[in-house]
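Colleague: test case, fold it:
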Amino acid sequence: MPRISVPADRDPLRYLWTEHARTLTPSAGAFTNAVYEKSTLPLREFEAARVQIARINDCDLCLGWRSARDVKARQDDPDPPGEDFYDNVGANPAWDGFSARERLAMEFAERFAVDHTNIDDDLWAHLHAAFTDSELVEFGLCIGAWIAFGRLNRVFDVDGGCRVPTLPSEA
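Modeller: Next comes the predicted model:
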């Protein structure tokens, strides 16, 4: 149930993004579009980080999203992830279908989201051995967008999930 008033004939997600905070939502939407349409990160690494954040955010919309299917700029990717990839992100980081860079993308995303002040020198050394500084900054921008806007959608409960409201227990 959305945490804002939404007319019955309107989609809650679209309503939040088009009818509220109109001085900010167009810029936020443009940033989101840039993350999906302009990112130069390899698709599988992009998706590994994105889905890790989707799991942390508990965002139904993001968990059902497939960039190779849902983003025009990504539809011609020669190596789109299969469903086994998505099933293992956040659940089984040792899965043999992940590359070392995909594992690092997931770890960086998780630490960025839940323990950002404790990303230690060891992880930074691994990240710098695998990625350029530009790639790391791009990951940071993408992860930041997913955290912010995925959580916005989830906190306001407009992410498309059919949630059963929690009822107070009877005493």
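
Colleague: quick one, longest helix in this structure?
Modeller: When the chain is parsed with DSSP state H, its longest helix is helix 133-155.

Colleague: residues of the helix or strand bottoming out on mean pLDDT in the chain that come out buried?
Modeller: Here the helix or strand of the chain ranked lowest by mean pLDDT, DSSP states H and E is helix 60-64, holding a mean of 89. If you call a residue buried by 16 or more other Cβ atoms under 10 Å, then helix 60-64 has these buried ones: 60-63. Backbone N, C-alpha and C define where each C-beta goes, glycine included.

Colleague: would you map the helices across the chain?
Modeller: With DSSP H as the criterion, the chain has helices at 12-19, 25-38, 43-57, 60-64, 67-70, 83-88, 100-114, 121-130, 133-155.

Colleague: quick one: neighbours of Ser99, just the number.
Modeller: Residues within reach of Ser99, counting by other Cβ atoms under 10 Å, total 13.

Colleague: ok, back up a step: so which elements touch the least confident helix or strand of the chain?
Modeller: helix 43-57, helix 133-155 (3 or more Cβ pairs under 8 Å, 6 or more residues apart in numbering; DSSP states H and E).

Colleague: closest to Thr25 out of these?
Modeller: helix 133-155 (9.9 Å; Cβ to Cβ).

Colleague: tell me what the closest one is packed against?
Modeller: If contacts are counted by 3+ Cβ pairs under 8 Å, 6+ apart, helix 133-155 sits against helix 12-19, helix 25-38, helix 43-57, helix 60-64, helix 100-114.
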